[in-house]
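>>> Take a look and give me a structure for this.
(2 chains)
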Amino acid sequence: AQTVTQSQPEMSVQEAETVTLSCTYDTSESNYYLFWYKQPPSRQMILVIRQEAYKQQNATENRFSVNFQKAAKSFSLKISDSQLGDTAMYFCALDTKAAGNKLTFGGGTRVLVKP
Amino acid sequence: DTAVSQTPKYLVTQMGNDKSIKCEQNLGHDTMYWYKQDSKKFLKIMFSYNNKELIINETVPNRFSPKSPDKAHLNLHINSLELGDSAVYFCASSPMSSSSYEQYFGPGTRLTVT
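Next comes the predicted model:
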C-alpha cells in the first residue's frame, strides 16, 4: 500500500514571502510520479507541479519549486513571492504504475496568504 | 470549451433517494476517474475506467455504480443515499491509464444528504 502524509494542516505567509509545504510518502515502487495540486475556494483541483521519481533534477514551475529527496521519501513544495491568489488547500499526491494510475492524496495543507 | 464538466454542481437530497452525477470530458482522453472528497477535505479514488472498461474499483459500497456509455462520459449512480455519502465528488480524466499522465479534474459536485 502507498501512503502520503502532509504534517502541516495550516500555514500562513505574508504576501511576497516564501512558504514551504512538507510531504512525505511511502511506496515500495521504484518508479512513480509525485504531484502537488492546488484547491482554491472555488474547489477546482489545479495541478501545480509534477515530479518523475527517476529524474534527479527538482521540478520548477514559475514561483513553485519542489525539493525531492528520494531516499528520504520527501517531496516539499516551495512557493516563492507568495501572492494573495495562492491562498488555497494544497495536496501532495503519489501515483504508481502498480497502483493502477490512481492518485493517493495527502490530507492537505491550508495556505493563507496575508496582505 | 470546458475540459471536464460535471452536472449538477450541487445536489441536495434526502436519505434513501437514488441520484446520479454526470461527467463528460472533451479532451479525447481514454481514462476517467471518480474521487470522493469528504468533509475533512480528504480525497480518495473510487473508480477508474479505461475505454469504457472498469480498471479500478476501490472498497466502495455497491450502492455506488459507475457507468461509462462511451469513453467521453463516466456517470456515477448512487442508490439508497445515506448521510455519510455527503461529500464532494470529483470526476477526472487522463490521456491513458499511466502514471506519467496528468489527471484533469472537473469542478466537483457537492452532494448533501439530509
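>>> Hmm, residue B:102 is touching residue A:49, no?
No: with contact defined as CB atoms under 8 Å, residue B:102 does not count as touching residue A:49 (10.6 Å). The way it works is simple: take the backbone N, C-alpha and C, and place the C-beta from them, glycine included.
>>> Remind me which helix or strand residue B:16 belongs to.
Following DSSP states H and E, one finds residue B:16 outside all helices and strands.
>>> Report the secondary structure state of the closest residue to it other than its chain neighbours.
Residue nearest to residue B:16 in three dimensions, not counting chain neighbours: residue B:80, with 5.8 Å by CB to CB, 6 or more residues apart in numbering or on different chains. For residue B:80, the assignment made with DSSP: H, G, I helix; E, B strand; the rest coil gives coil.
>>> And the most centrally placed residue in chain B, how close does it get to residue B:87?
By CA atoms, centre = their mean, chain B has its centre lying nearest to residue B:34, at 3.1 Å. Distance from residue B:34 to residue B:87, counting by CB to CB, to the nearest Å: 11 Å.
>>> Need the overlap of contacts for these two.
Counting by CB atoms under 8 Å, 6 or more residues apart in numbering or on different chains, no residue touches both residue B:34 and residue B:87.
>>> now residue A:21: how far from residue B:42?
Noted for residue A:21: a distance of 17 Å to residue B:42, by CB to CB.
>>> For those two, indicate the residue with more neighbours.
residue A:21 (22 against 14; other CB atoms under 10 Å in any protein chain shown).
>>> how about the helices in chain A?
For chain A, applying DSSP state H gives no helices.
>>> which bits of chain A sit near chain B?
Counting by CB under 8 Å from any CB of the partner chain, chain A comes close to chain B at A:31-33, A:35, A:37, A:39, A:42-47, A:50, A:52, A:89, A:91, A:95-97, A:100-105, A:107-108.
>>> before we move on, the earlier item: and the residue nearest to residue B:16, how many residues sit next to it?
Applying other CB under 10 Å, we find 11 residues neighbouring residue B:80.
>>> Alongside chain A, which residues does chain B contribute?
B:31, B:33, B:35, B:40-45, B:48, B:55-56, B:58, B:88, B:90, B:92, B:94, B:97-103, B:105, B:107-108, B:110.
>>> Only the buried subset of the residues you listed, as a PyMOL command please.
Buried residues among these (16 or more other CB atoms under 10 Å in any protein chain shown), as a PyMOL selection:
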select buried, chain B and resi 31+33+35+41+43+44+45+48+56+88+90+92+94+97+99+101+103+105+107+108+110
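>>> Looking at the residues of chain B next to chain A, which are in strands?
The strands, defined by DSSP state E, take in B:31, B:33, B:35, B:43-45, B:48, B:55-56, B:88, B:90, B:92, B:94, B:105, B:110 from those.
>>> Out of those residues, which two are the most distant from each other?
Greatest spatial distance in these: B:55 and B:110, 26.6 Å, computed using CB to CB.
>>> Show me the shaky parts of chain B.
When residues are selected by pLDDT under 70, those of chain B lie in B:1, B:97-100.
>>> give me the beta-bridge partners of residue A:49?
residue A:36 (DSSP bridges).
>>> Can you give me every residue that contacts it?
Going by CB under 8 Å, 6+ apart, residue A:49 touches A:35, A:36, A:59, A:60, A:61, A:64, A:65, A:66, A:77.
>>> Show only the entries of these found in strands.
Going by DSSP E, the strands hold A:35, A:36, A:60, A:61, A:64, A:65, A:66, A:77 from the contacts of residue A:49.
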